[in-house]
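K.L.:
Give me a model of this one.
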Amino acid sequence: IESLINGQSVKAPIHEDIVYADIDVNEESIWSFLLFTGYLKQIDSRIEDDEIWLELVIPNKEIRSIYRRSIRQWFQDRTRAVSRENLIDALVHGDADTANRIIGTWLNETISFFDEKEQYYHGFLAGLLSGYDAYKLKSNRETGDGRTDLLLMERFERNIAVVIEVKDVDAQKGETLEMMAENALRQIEEKHYTEEPVNEGYQKILRYGIAFMGKRCLIKKG
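P.N.:
As a prediction, the model looks like this:
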């Protein structure tokens, strides 16, 4: 599915006599269902060991957007169902290494939209950090001299706030995870992204620059 959303094709065996109950018996059945319902189209075919194998792609941009919405909803449902308190704890206690490991694990369990890049990673983090009564999450807020990507703040006591700036790494431009994480931290300072929590009276403000490249990430603490 990830390959399809990112514009690539998949090769799969197709069975014309399939029935709906088969989807719980053989996971390969999903390709036949997607083809027959118009969510995939054939671009090539071959016979192999008396089976029909087709090369399949998403037929158009409209259908591709349905895949994207479905995957986003799946991720939101999954993050709501699984506790992420260990990630929140790591960030508010300044443990960048632990936060890095947790986010890296989530990256490997979800699907990346590589053509959206920074927008995708921003939404990915927002999904992980939202939904907690003790903390409020603000996204792309006007603060200081620009927009901070994510602002996580204690809802009641106003002791701790976390400012996060997200960067996508373009290796073709010679960028590295280290470089872009440092750039993110520098942007937080230069554009005064801590201004809002300071004005609201937060006592401890943590700053994180997070760089992403594919399914890898690096967190730098300011």
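K.L.:
where does the protein dip in pLDDT?
P.N.:
Per-residue confidence for the chain (pLDDT under 70) gives these ranges: 21-23, 25, 113-116, 141-146.
K.L.:
just so I have it, where are all the helices in it?
P.N.:
Taking DSSP state H as the test, the helices found in the chain are 2-5, 29-36, 61-81, 85-92, 96-109, 118-129, 177-190, 195-199.
K.L.:
any chance of the ones you listed in TSV, with mean neighbour count too?
P.N.:
C-beta: built from backbone N, CA, C; applies to glycine. As requested, these are exported to TSV (neighbours: other CB atoms under 10 Å):
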stretch	mean neighbour count
helix 2-5	16
helix 29-36	18
helix 61-81	13
helix 85-92	17
helix 96-109	16
helix 118-129	20
helix 177-190	18
helix 195-199	16
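K.L.:
want to try TSV for those, with distance to residue 164 as columns?
P.N.:
Output for the helices of the chain, formatted as TSV (distance: least, CB to CB, whole Å):
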stretch	distance to residue 164
helix 2-5	25
helix 29-36	36
helix 61-81	16
helix 85-92	8
helix 96-109	10
helix 118-129	7
helix 177-190	8
helix 195-199	12
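K.L.:
Quick one: closest of the ones you listed to residue 158.
P.N.:
helix 195-199 (8.4 Å; CB to CB).
K.L.:
For residue 39, see how far away the residue lying closest to residue 215 once chain neighbours are set aside is.
P.N.:
Distances taken as CB to CB, 6 or more residues apart in numbering place residue 107 nearest to residue 215, at 4.5 Å, with adjacent residues excluded. Noted for residue 107: a distance of 26 Å to residue 39, by CB to CB, to the nearest Å.
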